[in-house]
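Student: the sequence isn't on hand, but the structure is:
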DNA sequence: CCATAAAGTATCGACTCGATACTATAATGG
DNA sequence: CCATTATAGTATCGAGTCGATACTTTATGG
């Protein structure tokens, strides 16, 4: 019976995912493009690259490259060459991109979650399930910088602008940096 | 803060949906094809049509038509003309189709839900959220026949094979019929 | 009988996605 | 220092999704 219930729950997630997917198609962007926009809004400066985006979207560099061409053509994303790696580019939401995100279809869906008062329960359970799936899959967690095992709070306290530090990349981090999600995040 | 939490939960569903989506691409079928197979396994005889499938998948008749061509070519689905409507066709999983469904990637995901022991909680919360989204969307519920407002338990008790009845379609229903999901389901 | 609606199919264009091949740059190890 | 190898990004191909539209066949309701 347990297996029945968990399979039902999995089916529900898949089906709700499909509803969201369909909702996302209606507007100016498609699901992959919405996903990319959301990621670029939340990712820190080390993580706004095509490769990291591909990992986040469970896609490939090739596909993401195409998605970014579409978003750049629509004026929502800008590319600029990376300063630290001349092979790499850094992605940035434009003003129009931020404005477009205000119409994110996911907001509508969030109101449905609130309407049944399931937000706390769902947030907890789904976080746990996602964590489990990520471990079993060997995928990346993309958690907030401040929750990472490499995060060193106030390790750079002399710098008022960037008081923290990343023990992996060995760079100073601002409070804003620490709140964003990171491709290198590990629990 | 409530809005924050519900948006987080919505993001989690979207992200987990993406993980499942990626997992589904790996095997012999793609996500839409897996969705169609799952539906055809669970749908009652009145609901195994391209149009009903399109509603279930939040897609269109045109797209589903293409999906069915692919599944028929792979030998997992058979079409036969409907007896009650000569415009319509009835879809059926083949033996190979049932066998293929044993490798449904969703089973793997269900084990992750069990691993964190969240199946009961998730099943309840997600059902409620899906119900809310369906109402607000005007989508169809696709619930089990026996939970429908048109279901008349034992209204045909004289017939041992089909003791129940559908008040909408006005047909006799077997116990098996009553357990399956239906395109006409209403709460 | 006729108008209208509905079921299914076919086709077009934009896009996703896996796979592959390619260029440019970085990192590593003699 | 240089050759090897790995990585970042791009380009391209084929299969498939998806929305949109047009079309045929059949139901249905005056």
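Tutor: Right, received. Where do you want to start? Everything numeric in this text was worked out from a predicted model, so none of it was measured. Numbers count the residues shown, from 1 in each chain, chains lettered A, B, ... in the order given.
Student: how about the biggest helix by length in chain A: buried residues?
Tutor: Scanning chain A for the helix with the most residues, using DSSP state H, yields helix A:2-26. Buried residues in helix A:2-26, counted by 16 or more other CB atoms under 10 Å in any protein chain shown: A:5-24. (Glycine included, C-beta is placed from N, CA and C.)
Student: burial of the residue lying closest to residue A:89 once chain neighbours are set aside, as a residue count?
Tutor: Nearest non-adjacent residue to residue A:89, counting by CB to CB, 6 or more residues apart in numbering or on different chains: residue A:79, 4.7 Å away. For residue A:79, the neighbour count with other CB atoms under 10 Å in any protein chain shown is 16.
Student: give the contact list for residue A:79.
Tutor: A:68, A:72, A:89-92 (CB atoms under 8 Å, 6 or more residues apart in numbering or on different chains).
Student: before we move on, what SS does it have?
Tutor: Secondary structure for residue A:79, judged by DSSP: H, G, I helix; E, B strand; the rest coil, is strand.
Student: thinking again about what came up before, narrow the contacts of residue A:79 to those in helices?
Tutor: A:68, A:72.
Student: near DNA strand D too, which of the contacts of residue A:79?
Tutor: Applying CB under 7 Å from any atom of the strand to the contacts of residue A:79, one finds that A:68, A:89 fall near DNA strand D.
Student: which one of the contacts of residue A:79 is nearest DNA strand C?
Tutor: Taking CB to the nearest atom of the strand as the measure, DNA strand C sits nearest to residue A:68 out of the contacts of residue A:79, at 8.6 Å.
Student: report how many residues lie close to the closest one.
Tutor: Neighbour tally, residue A:68, other CB under 10 Å: 20.
Student: got it, and the one 3 residues further on?
Tutor: Residue A:71: 24 surrounding residues under other CB under 10 Å.
Student: what sits against residue A:177?
Tutor: A:44-45, A:145, A:162, A:164.
Student: show me what contacts the residue most central in space within chain A?
Tutor: Centroid-nearest residue in chain A: residue A:39, 3.7 Å away (criterion: CA atoms, centre = their mean). Residue A:39 sits next to A:53, A:56-57, A:181 when contact means CB under 8 Å, 6+ apart.
Student: ok, residue A:45 next?
Tutor: Contacts for residue A:45 (CB under 8 Å, 6+ apart) come out as A:90, A:177.
Student: and it, how far is that from residue A:183?
Tutor: For residue A:45, the distance to residue A:183 equals 11 Å [CB to CB, to the nearest Å].
Student: residue A:157 now?
Tutor: 26 Å.
Student: check the contacts of residue A:39 one by one and keep those near DNA strand C.
Tutor: residue A:57.
Student: domain boundaries for chain A, per the record?
Tutor: As recorded under automatic domain parsing, the domains making up chain A are A:2-122, A:145-179.
Student: just the ones you listed: most buried one?
Tutor: Among the domains of chain A, ranked by average contacts under mean count of other CB atoms under 10 Å in any protein chain shown, first place goes to domain A:2-122 (a mean of 18).
Student: rounded mean pLDDT for that domain, please.
Tutor: Averaging pLDDT along domain A:2-122 yields 91.
Student: residue A:115 reaches residue B:130, doesn't it?
Tutor: No: using CB atoms under 8 Å as the test, residue A:115 is too far from residue B:130 to be in contact (12.0 Å).
Student: the helix or strand containing residue A:41 and DNA strand C, any residue contact?
Tutor: Counting by DSSP states H and E, the element that carries residue A:41 is helix A:31-42. Yes: with CB under 7 Å from any atom of the strand as the criterion, DNA strand C is reached by helix A:31-42 at A:31-33.
Student: related to what we said a few turns ago, for the longest helix of chain A, packing partners?
Tutor: helix A:31-42, helix A:105-115, helix B:2-26, helix B:31-42, helix B:105-115, helix B:119-137 (3 or more CB pairs under 8 Å, 6 or more residues apart in numbering or on different chains; DSSP states H and E).
Student: quick one, the longest one and helix A:119-137 angle?
Tutor: Orientation of helix B:2-26 against helix A:119-137 (axes from the mean of the first three to the mean of the last three CA atoms, to 10 degrees) gives an angle of 30 degrees.
Student: how close does residue A:5 get to residue A:57?
Tutor: Applying CB to CB, the value for residue A:5 to residue A:57 is 30 Å.
Student: now residue A:166. Its backbone dihedrals?
Tutor: Dihedral pair for residue A:166: phi -100, psi 120, per degrees, to the nearest 10.
Student: which strand residues bridge it?
Tutor: Counting by DSSP bridges, residue A:166 forms beta bridges with residue A:151, residue A:171.
Student: measure it to residue A:85 for me?
Tutor: 16 Å.
Student: same check, this time on residue A:56
Tutor: Distance from residue A:56 to residue A:85, by CB to CB: 19 Å.
Student: same thing with residue A:165?
Tutor: Here residue A:165 is placed at a distance of 20 Å from residue A:85 (CB to CB).
Student: ok, now residue A:53?
Tutor: 16 Å.
Student: likewise residue A:30?
Tutor: From residue A:30 to residue A:85 the distance is 30 Å (CB to CB).
Student: ditto for residue A:169
Tutor: On the measure of CB to CB, residue A:169 and residue A:85 end up 12 Å apart.
Student: how about stretch A:5-23, does it reach DNA strand C?
Tutor: No: counting by CB under 7 Å from any atom of the strand, no contacts exist between stretch A:5-23 and DNA strand C, the nearest distance being 9.4 Å.
Student: got a list of what the closest residue to residue A:50 other than its chain neighbours touches?
Tutor: Nearest residue to residue A:50, sequence neighbours excluded (CB to CB, 6+ apart): residue A:64, at 5.1 Å. For residue A:64, the contacting residues are A:36, A:50, A:53-54, A:57, by CB under 8 Å, 6+ apart.
Student: among the residues you listed, which are in strands?
Tutor: Judged by DSSP state E, the contacts of residue A:64 include no members of strands.
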